[in-house]
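# sequence? don't have it. structure:
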């Protein structure tokens, strides 16, 4: 059974093509991880799913429906959430306000409060910080808040772009453990991650990108493959970050 499929995706930013025929099948209730060298197209793969870049060819199919041209807000309504790179939270708002922003499509205030209590159960450190502005949180707490805000949508699929970026090793392990718990409760996660060794400890499936293409696909043992080591040490991907749409992220 497949929740999400990328079929022959060619995408990029304006005239700068990043992905060249990417195929992926994401199974429900799993943690799928995209790894690869810098510039391989990992973040662009997520943005292709969330309609944050230009798709030239191919299709994105979610729950059997072709959503390739569907606006981002409609994808959110279908149960797809994103946790952007860099712990993007609303620093001038309180923790509670940040979480409530995550449920902006829900008009039932009782349901919003119920979801809030549920996500606080996943991230207890946020409970004592509800009335504090997000800028006062530690880096790890801000990442917890970014994930918790995505959970407020009650999503079926969460896209995460380097959730361990800038975190201390201990905090990173805590975040990964929380992600595992979230998936064990029925959600699906597709994650881009540079810290391949650590993330592969919780991954169910791994996709290795090289120069905008899926070079390898397999389970956790894939990290031991000599070709993976070659890609990390010798891969030379296309440069991401040169297009006019790259900084277009959902916050």
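Good, I have the coordinates. Keep in mind it's a predicted model, so treat the numbers as computed, not measured.

# Sketch out the helices for the stretch 101-250 of the chain, chain order is fine.
109-122, 139-151, 169-184, 196-199, 226-234 (DSSP state H, counting those that start in this stretch).

# which of these is buried the deepest?
Of all those, helix 139-151 has the most neighbours on average by mean count of other Cβ atoms under 10 Å, namely a mean of 23. C-beta here means a position set from N, CA and C on the backbone, and glycine is covered the same way.

# Quick check: mean pLDDT of that one?
Averaged across helix 139-151, pLDDT comes to 94.

# And for stretch 67-79?
95.

# just how off-centre is that stretch within its chain?
Per Cα atoms, centre = their mean, to the nearest Å, the displacement of stretch 67-79 from the mean C-alpha position of its chain is 15 Å.

# next one: stretch 21-37
In this view, stretch 21-37 has its centroid 11 Å away from the chain centroid, taken as Cα atoms, centre = their mean.

# hang on, residue 81 in a helix?
No: per DSSP: H, G, I helix; E, B strand; the rest coil, residue 81 lies outside any helix segment and is strand.

# Just to check, it is in contact with residue 150?
Yes: taking contacts as Cβ atoms under 8 Å, residue 81 lies within contact range of residue 150: 4.0 Å.

# Spit out the residues that contact the two alike.
Residues touching both residue 81 and residue 150 (Cβ atoms under 8 Å, 6 or more residues apart in numbering): residue 158.

# can you give me the strands for the chain?
For the chain, the strands defined by DSSP state E cover 4-13, 16-26, 31-35, 54-62, 65-66, 80-83, 157-161, 188-192, 205-210, 213-218.

# What is the last one packed up against?
In other words, strand 213-218. The contact analysis (3 or more Cβ pairs under 8 Å, 6 or more residues apart in numbering; DSSP states H and E) places strand 213-218 against strand 16-26, strand 205-210, helix 226-234.

# same question for the second one, mean pLDDT?
The one in question is strand 205-210. Averaging pLDDT along strand 205-210 yields 94.

# Show me how far that strand is from its chain's centre.
Relative to the chain's own centre, strand 205-210 is displaced by 14 Å; criterion: Cα atoms, centre = their mean.

# Next, count neighbours for residue 66.
Using other Cβ atoms under 10 Å, residue 66 has 12 neighbouring residues.

# What of the one 4 residues further on?
For residue 70, the count of nearby residues is 16 (other Cβ under 10 Å).

# which ones are touching it?
The contact partners of residue 70, by Cβ under 8 Å, 6+ apart, come to 51, 78.

# hmm, 10 Å instead?
By Cβ atoms under 10 Å, 6 or more residues apart in numbering, the residues touching residue 70 are 51, 60, 62, 77-78, 80.

# about what we covered before: could you dump the helices of the stretch 101-250 of the chain to a markdown table with distance to residue 40?
Output for the helices of the stretch 101-250 of the chain, formatted as a markdown table (distance: least, Cβ to Cβ, whole Å):
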| stretch | distance to residue 40 |
| --- | --- |
| helix 109-122 | 31 |
| helix 139-151 | 23 |
| helix 169-184 | 21 |
| helix 196-199 | 12 |
| helix 226-234 | 8 |
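
# For residue 73, which of these is the nearest?
Smallest distance to residue 73 across the helices of the stretch 101-250 of the chain (Cβ to Cβ): 14.7 Å, for helix 139-151.

# nearest to residue 96, of the contacts of residue 70?
Nearest member of these to residue 96, counting by Cβ to Cβ, is residue 77, at 23.2 Å.

# Quick check: that closest one touching residue 153?
Yes: the pair residue 77 / residue 153 is scored as a contact, 8.9 Å apart, by Cβ atoms under 10 Å.

# where do the contact lists of these two overlap?
Residues touching both residue 77 and residue 153 by Cβ under 10 Å, 6+ apart: residue 105.
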